[in-house]
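Visitor: next comes the sequence, and after it the predicted model I'd like to discuss.
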Amino acid sequence: KGEGHVEGEKVENPDTGLYYDEYLRQVIDVLETDKHFREKLQTADIEEIKSGKLSRELDLVSHHVRTRLDELKRQEVARLRMLIKAKMDSVQDTGIDHQALLKQFEHLNHQNPDTFEPKDLDMLIKAVSASY
């Protein structure tokens, strides 16, 4: 209270407790590097965010931001696959359906593991909203 933060200074956010917390933080950090998206995010109300209206703004972010988001998504998909493999190894059941396991991860579109699309942002927002 009474203490402002310096522009550009990182504000430490508390852990959300979500198993994809790190991914969520990285996506937000990358999106905030785009001036247009950051302005939209700052002026959007909670209903605009939850409804998916903000997700459509993803089409307007810079190529560099989209490339970085694609990279983050590929890393997250690789992390989830590693978790699934570890789970499979622990149960030693080779009859597990990878796609069925991926469906339980609702914070990203597992059918498109290579690019971060507006649907991914929408799914991430909805997953976070459903957790609270």
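Guide: Thanks, I have the structure now.
Visitor: remind me, longest helix of the chain?
Guide: Longest among the helix segments of the chain by residue count, using DSSP state H, is helix 63-91.
Visitor: name the helices or strands packed onto that one?
Guide: helix 21-31, helix 98-103 (3 or more CB pairs under 8 Å, 6 or more residues apart in numbering; DSSP states H and E). C-beta coordinates here come from the backbone N, C-alpha and C atoms, glycine included.
Visitor: between those helices, which gets the lowest average pLDDT?
Guide: Averaging pLDDT over each of those singles out helix 98-103 as the lowest, with a mean of 60.
Visitor: packing partners for the helix or strand that comes right after it?
Guide: For helix 98-103, the following helix or strand on the C-terminal side (DSSP states H and E) is helix 118-131. Here helix 118-131 touches helix 21-31, helix 46-51, going by 3+ CB pairs under 8 Å, 6+ apart.
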